[in-house]
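*Asks:* Return a 3D structure for these sequence lines:
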Amino acid sequence: MKKILIFGENYFHYTESIGYTFEKLGFEVKVLYMPLVKSSELSVWDYLKYKIQKKSFCKKYFEHKKREIQKIVLEYRPDVFFSINGNSYYEFIDEHFLKLLRQIKCTSYICYIDTIRRFEKFNQNIYFFDKILSFEPMDITYIKEKYNKVARYLPIGVAEQIFCQNNSINEKKYDVSFVGNSTENRLAVLDEVAKYCTANNKSMIVYGHYWHNKHFWQEYFAKRSFARKHPDLVKYVTNSFLHDQEVAELYNTSRISLNIHIALHKGINSRTFDVLGNGNFELCDYREDAKEIGLIDGTNIVMYNNTEECVEKINYYLNNEEKRLKVAKAGKEFVMKNYTMKKLLKECLQHDELI
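*Replies:* Numbers count the residues shown, from 1 in each chain. The predicted structure is shown next:
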């Protein structure tokens with residue numbers, strides 16, 4: 001049995017789900033989460049050093065963790081190393097580490113489930129990876145032009161163990177829901193959807209980080225500031241995150257699941273497949289690569305080109321349940337056939353003759 005070592009952030013379900021998928025594909029799997037400095041877990045002495053010289057303390061802490069990771073590699077001796085999003089906030093995966101993998105004849109992958117441009121503050125050491133994967137089509141060209149390396153397109157697909165389970169929740173609590181953090185383009189759309197819902201007595205829920213909430217006083221004043229700028233939307237925002245099964249359950253209780261990509265992303269994000277694979281109706285902002293991967297507007301997904309069209313389509317599909325359910329059913333069938341995480345990762349490794 002081949003061994004695979006997965007290295008990624010403990011952020012939402014992605015690292016865990018990829019590990020779960022590789023186990024289903026017959027690998028012996030070890031998952032390493034990127035270490036964070038958690039002040040609550042430090043000793044009193046280390047906490048004092050952290051508060052006095054934070055930058056210096058973090059550098060020493062991360063260097064220590066990097067040596068631990070290299071030690072684990074030498075002990076575990078994986079056949080495949082699978083890095084998710086590379087160096088997100090520290091250069092854990094450096095040139096020495098990648099040369100070490102080659103010495104033990106371990107094939108190295110770097111898989112971006114976010115655009116590489118968000119991580120280039122830290123050296124990505126692209127030159128030393130054997131295989132480069134990205135969900136963002138524009139990154140394929142970017143990586144070729146900047147690094148002269150060939151990257152392959154890999155939409156991450158849906159995590160079946162979370163989003164594709166038979167769920168007994170059929171009652172629809174919300175007409176419209178959205179999960180995602182605040183960005184300028186998202187707020188522009190959500191503001192207009194909120195106005196529509198208020199004027200037409202429709203239910204709506206939004207989850208994510210929309211104002212600072214580290215302290216009670218901070219949350220109080222930040223929410224008031226947000227409310228002045230977004231008087232309709234604030235009524236529908238729950239300023240917290242949902243995770244894993246909670247997200248799947250929200251989709252199940254929503255008639256329309258909105259998917260608004262951040263401006264930096266031009267390719268189809270993983271949420272696209274999560275919503276569809278869960279069997280829900282998805283209204284998504286227009287994506288240029290949609291047709292190329294088989295997503296057809298009005299057939300297995302519905303897309304909008306601008307805010308006005310988004311509101312028009314929400315109104316149309318809330319008033320045409322049969323058509324809405326037909327699109328949702330087609331979307332689930334399409335994703336389950338073509339875009340599960342298991343299918344995509346299996347094809348990826350078969351392409352490289354690793355399974």
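*Asks:* Enumerate every residue touching the residue nearest the centre of the chain.
*Replies:* For the chain, the residue nearest the mean C-alpha position is residue 270 (5.7 Å; C-alpha atoms, centre = their mean). Shown in contact with residue 270 (C-beta atoms under 8 Å, 6 or more residues apart in numbering): 14, 113, 135, 155, 156, 157, 158. No exception for glycine: its C-beta is placed from N, CA and C like everyone else's.
*Asks:* What of residue 154?
*Replies:* 111, 133, 134, 135, 344, 348.
*Asks:* try residue 135
*Replies:* 112, 113, 114, 153, 154, 155, 156, 267, 268, 269, 270.
*Asks:* so what secondary structure elements neighbour the longest helix anywhere in the chain?
*Replies:* Counting by DSSP state H, the longest helix found in the chain is helix 54-76. Where contact means 3 or more C-beta pairs under 8 Å, 6 or more residues apart in numbering; DSSP states H and E, helix 54-76 is packed against strand 3-8, strand 28-33, helix 44-52, helix 95-103.
*Asks:* With mean pLDDT as added columns, please give the ones you listed in CSV.
*Replies:* Listed next are the helices and strands packed on helix 54-76 as CSV, based on pLDDT from 0 to 100:
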stretch, mean pLDDT
strand 3-8, 97
strand 28-33, 97
helix 44-52, 86
helix 95-103, 96
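*Asks:* Mind putting those into JSON lines with mean neighbour count?
*Replies:* Below are the helices and strands packed on helix 54-76 laid out as JSON lines (neighbours: other C-beta atoms under 10 Å):
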{"stretch": "strand 3-8", "mean neighbour count": "22"}
{"stretch": "strand 28-33", "mean neighbour count": "17"}
{"stretch": "helix 44-52", "mean neighbour count": "12"}
{"stretch": "helix 95-103", "mean neighbour count": "15"}
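*Asks:* The residue lying closest to residue 86 once chain neighbours are set aside and residue 250, how far apart?
*Replies:* Nearest residue to residue 86, sequence neighbours excluded (C-beta to C-beta, 6 or more residues apart in numbering): residue 124, at 4.7 Å. Per C-beta to C-beta, to the nearest Å, residue 124 is found 34 Å from residue 250.
*Asks:* Specify which member of the contacts of residue 270 is nearest to residue 78.
*Replies:* residue 14 (19.1 Å; C-beta to C-beta).
*Asks:* What is the burial count for the residue nearest to the closest one when sequence neighbours are not counted?
*Replies:* With C-beta to C-beta, 6+ apart as the criterion, residue 14 has its nearest non-adjacent residue at 5.9 Å, and that residue is residue 113. Per other C-beta atoms under 10 Å, the neighbour tally for residue 113 reads 20.
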